[in-house]
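Novice: everything below, folded, please.
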Amino acid sequence: MLVDAAVEALRRHSPFDRMELDALRFLSEKSRLGYFPKDSHIVTPDMGPVNTFYIIQRGKVQAKQTGEINVTEYSSLTLGTGECFPIGSVMARRASTNAYIAIEDTFCYQLPADDFVQLMQMSQPFNLFCTQYIATLLNQSRRQLQVQFSQRAAEQQSMSSPLSSIITKTPVSVSPETPIRQVIEAMVSGHIGSMVVVDQDKQPVGIFTQSDALKRILLPGMSLDRPISEVMSTRPHALSEHAHVYDAALAMAMHSVRHVLAVDGEGRLKGVVSERDLFTLQRVGLRQVRQSIEGAQDIDVLRQAGADVRQLALNMLAQGVGAEQLTQFISALNDTVTRRVIQLNLAQHDLYGIEWAWLSFGSEGRDEQTFSTDQDNGIIYTCTDIQNRDELELRLLEFAQDVNRDLDAVGFPFCKGNIMASNPELCLTLEAWEEKFSRWIRVPEPKALLNATIFFDFRALYGATHLADRLRVTLLNLVKTQAVFLRMMAGNALQVHPPLGKIRDFITDLDPAHPGCIDLKAYGARIFIDAARIFRWPPVCITPIPCSASACPASAWAWHRKKQRRLSKASISFRPCAFGTSILRTSMGGRATTSSIPTSSTNLTGAS
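Specialist: Numbering: from 1, shown residues only. Next up is the predicted model:
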């Protein structure tokens, strides 16, 4: 009798009105009715993992967000008869991030978590309701977070706008034969800082700026009657007028230029975009950041510049800039900071006569830096027959120690794994690096495989960059004949799984040091990066090789085909890096990023 009454009561509300009769009877049989007087706390974060699913039979419950930042449109919500909570916490078996308080005398059906899981397996309508409810609230959370970030960037120009939207003046241009005097007079009278030089088809062939006048005309004593083609900068940076503003910002950051030309589909000049156009409304502008970095004479100035880089990146995030462009932008500016730190320390160390280069590894080597990144670097150098290797190493290590210390001071923390140039194991000659890489490939033990995923994604950041090119050629030649190494790399990649539970929930306790968090770099981006690295190998390396189950979970060929089918369902952008391939963006319901965020960031009313 009581079960039939409960079934009839539940059928008046969604999603129970769509559920199968057997599932409803199971729910009614397994539930018990609980009473909660007014102002009593039904569920709170400090109660620990939630083991009960609640359905309001009579009364009202207030759901209140408890975090410092609201991540939905509301900070509290009143739930009434037929509504249920807290779906996400029960699914994930974690503590709730919301507090649920009875605002009047309330009765609730209480279903144990194990029975809740069984009910989801029994009833497709109930399963669909729970998962869609979670997805809806996650989207709502994402929108709210972006709104809050946007408040920091109020009244700033959208970085997602096309270049054509910020071009307000008709471009002024001259032909290559125009005398220098006439060009300068036009710039002065028109109050413009640059002049574009175009050919007869109106396609840009050069650009002349105010800064060029001093070093190319005044100091050399160039005649003003000479043609502008003799003092212009050739091959100016140009983008389509339909490119985004952040594309121009990235080009300026990477190439240290102050002007980018906008052209139409046929390459004809449509306008000139300057740093002032891009960042006049930015509280922290690219020009100010870059100028402060390049002109920094001490670490204190660079420390502030590093903070400005992160603030500028937050502004771009608020304006909807994608993961690919954002990570490239941050990496380009962080590279500038690192190079300046190196330059300041070179003035304090005698490295004359040493051919060397500063290497970046891992995510830094792939140009995938985000808001928070530690150091992963090393040094490669050459030692001739007449040089003392021990003396060279000592000089380079002393230099590296100071650089690593200063990088930590400006915002790049020391690597906990000591993957830094001040480590003697990572300050090596070209031959020593080649031998180290060869040993890892020939004997692919677990530690060697881990090292490969870090060190094989490298690039030279400063110094004799051709040394890194030579090391890369050696590395690629080594792997062409090492199918066993590929098989082991594939097996190693298969050991990492997405942090997903049984029924589309997330596992948030994989890292004991950060409970309630998901490391998106370790359990999200790495899955795609590992796959891309394998796919980047030469075709000869993916030939199937018999292997025991204990040696590898699957053959390289089976792994290759399996991943190929999986990834064909996703939109993945690959970009070549120093060794493998860098995943810039994935689309499987959202964008990938490479940072750790607490689950409380999705602090959702009803879903938490």
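Novice: so where's the chain shaky on pLDDT?
Specialist: Within the chain, the segments meeting pLDDT under 70 span 1, 67-75, 134-160, 279-288, 318-320, 371-372, 502-505, 509, 537-608.
Novice: change it to 50
Specialist: 69, 71, 73, 151-157, 281-284, 540-608 (pLDDT under 50).
Novice: contacting residues for D406?
Specialist: 299, 302, 341, 344-345 (CB atoms under 8 Å, 6 or more residues apart in numbering). C-beta: built from backbone N, CA, C; applies to glycine.
Novice: closest to R11 out of the residues you listed?
Specialist: L302 (66.3 Å; CB to CB).
Novice: could you pull up the residues touching the closest one?
Specialist: L302 neighbours (CB under 8 Å, 6+ apart): 293, 296, 337, 340-341, 344, 406, 410.
Novice: tell me which of those fall in helices.
Specialist: Of those, the ones assigned to helices by DSSP state H are 293, 337, 340-341, 344, 406, 410.
Novice: pick out the most distant pair among those residues.
Specialist: Counting by CB to CB, the most remote pair of the ones in helices among the contacts of L302 is I293 and D406, 13.3 Å apart.
Novice: relative to D519, how far out is P512?
Specialist: 12 Å (CB to CB, to the nearest Å).
Novice: again, but for R303
Specialist: According to CB to CB, R303 and D519 sit 27 Å apart.
Novice: where does F485 sit, in terms of helix or strand?
Specialist: helix 483-494 (DSSP states H and E).
Novice: name the helices or strands packed onto the helix or strand following that helix?
Specialist: Counting by DSSP H and E, the next helix or strand C-terminal to helix 483-494 is strand 517-519. If contacts are counted by 3 or more CB pairs under 8 Å, 6 or more residues apart in numbering; DSSP states H and E, strand 517-519 sits against strand 596-598.
Novice: give me the buried positions along stretch 294-313.
Specialist: 296, 299, 301-306, 308-313 (16 or more other CB atoms under 10 Å).
Novice: swap that for stretch 91-110, please
Specialist: Buried residues in stretch 91-110 (16+ other CB under 10 Å): 91-102, 106-110.
Novice: also stretch 335-355?
Specialist: 335-342, 344-346, 351, 354-355.
Novice: please apply the same query to stretch 425-433.
Specialist: Quick answer for stretch 425-433 (16+ other CB under 10 Å): 426-430, 432-433.
Novice: what's the closest of the ones in helices among the contacts of L302 to K169?
Specialist: Using CB to CB, these come closest to K169 at I293, 29.7 Å.
Novice: where's that closest one relative to M420, distance?
Specialist: 21 Å.
Novice: please apply the same query to W358.
Specialist: Applying CB to CB to W358 and M420 gives a distance of 11 Å.
Novice: find the residues that touch each one of those two.
Specialist: Contacts common to W358 and M420, judged by CB under 8 Å, 6+ apart, are 377-378.
Novice: give me the contact list for stretch 45-59.
Specialist: 9-10, 31, 33, 36, 42-43, 61, 66, 79-87, 89-90, 93-100, 102, 104-113, 116.
Novice: from the residues you listed, which land in strands?
Specialist: In strands, judged by DSSP state E, the following of the contacts of stretch 45-59 are found: 33, 36, 42-43, 61, 79, 84-85, 98-100, 102, 106-112.
Novice: helices or strands up against the helix or strand containing L278?
Specialist: Secondary structure from DSSP H and E places L278 in helix 275-279. Counting by 3+ CB pairs under 8 Å, 6+ apart, the packing neighbours recorded for helix 275-279 are helix 245-255, helix 286-294.
Novice: turn these into a markdown table, columns for distance to G265.
Specialist: Output for the helices and strands packed on helix 275-279, formatted as a markdown table (distance: least, CB to CB, whole Å):
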| stretch | distance to G265 |
| --- | --- |
| helix 245-255 | 16 |
| helix 286-294 | 27 |
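Novice: with respect to L476, which of those helices lies nearest?
Specialist: helix 245-255 (25.1 Å).
Novice: next SSE after the closest one?
Specialist: Downstream of helix 245-255, the first helix or strand assigned by DSSP H and E is strand 259-263.
Novice: let me know the angle separating that next one from helix 245-255.
Specialist: 140 degrees (axes from the mean of the first three to the mean of the last three CA atoms, to 10 degrees).
Novice: now do strand 259-263: which elements does it pack against?
Specialist: strand 204-209, strand 238-240, helix 245-255, strand 269-274.
Novice: okay, the angle between that strand and strand 204-209?
Specialist: In terms of direction (the same axes, to 10 degrees), strand 259-263 departs from strand 204-209 by 150 degrees.
Novice: run the chain-centre distance for strand 259-263.
Specialist: 27 Å (CA atoms, centre = their mean, to the nearest Å).
Novice: pairing partners for it, with directions?
Specialist: Paired strands of strand 259-263, with direction, are strand 238-240 (parallel), strand 269-274 (antiparallel) (DSSP bridges).
Novice: show residues contacting that strand.
Specialist: Residues contacting strand 259-263 (CB under 8 Å, 6+ apart): 163-164, 167, 193-194, 196, 203-204, 207, 209, 236-241, 243, 248, 251-252, 269-275.
Novice: try it again at 6 Å.
Specialist: Contacts to strand 259-263, defined as CB atoms under 6 Å, 6 or more residues apart in numbering, come from residues 163, 167, 194, 204, 236-239, 241, 248, 251, 270-274.
Novice: which parts of that strand are buried?
Specialist: Under the neighbour-count criterion of 16+ other CB under 10 Å, strand 259-263 has 259-263 buried.
Novice: only C-alpha atoms, please: export that strand in CSV.
Specialist: Output of strand 259-263 as CSV, limited to C-alpha atoms (Å, rounded to 0.1, in the frame of the first residue of the first chain):
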residue,chain,number,x,y,z
HIS,A,259,52.2,46.6,-36.9
VAL,A,260,50.3,43.9,-38.7
LEU,A,261,48.7,44.5,-42.1
ALA,A,262,45.2,43.4,-43.0
VAL,A,263,44.7,42.1,-46.5
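Novice: sounds good, over and out.
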